[in-house]
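Participant: give me a model of this one.
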Amino acid sequence: MLKGWEADADDDRDGDTISVLEPNWNAFEVWRRCRPVMVSTMTAVLTSGIEATEIEAVCRAVGVPFDTDLLDKVHHASAVADRLRNTK
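Facilitator: Predicted structure coming up:
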């Protein structure tokens, strides 16, 4: 799993920087280039993760090997980001 990616909204006061550990760098680079799936409801528009085909396409585009470990890391990062986005 990812080390050091449990995000806390209070950690970053300016909202522009996050810390990423070296073993997670490829997953972070792939995650930030992927588009999340948006779901609209009667009360809000929510994000609901990233499709595996989107992750695979981004991996090919940036030259990162696609494997299940990377897939797990990107999905975990997406879940953390979704929790932060969907609570605003």
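Participant: not counting sequence-adjacent ones, nearest residue to G49?
Facilitator: Nearest residue to G49, sequence neighbours excluded (CB to CB, 6 or more residues apart in numbering): S78, at 5.1 Å. (Each C-beta comes from the backbone N, C-alpha and C, glycine too.)
Participant: likewise for I55?
Facilitator: Nearest residue to I55, sequence neighbours excluded (CB to CB, 6+ apart): V74, at 5.2 Å.
Participant: so that neighbour: helix, strand or coil?
Facilitator: Under the three-state scheme (DSSP: H, G, I helix; E, B strand; the rest coil), V74 adopts helix.
Participant: that one touches R33, doesn't it?
Facilitator: No: V74 is not in contact with R33 according to CB atoms under 8 Å; the separation is 10.1 Å.
Participant: ranges for the helices of this structure?
Facilitator: Using DSSP state H, the helices of the chain run over 25-33, 52-62, 68-86.
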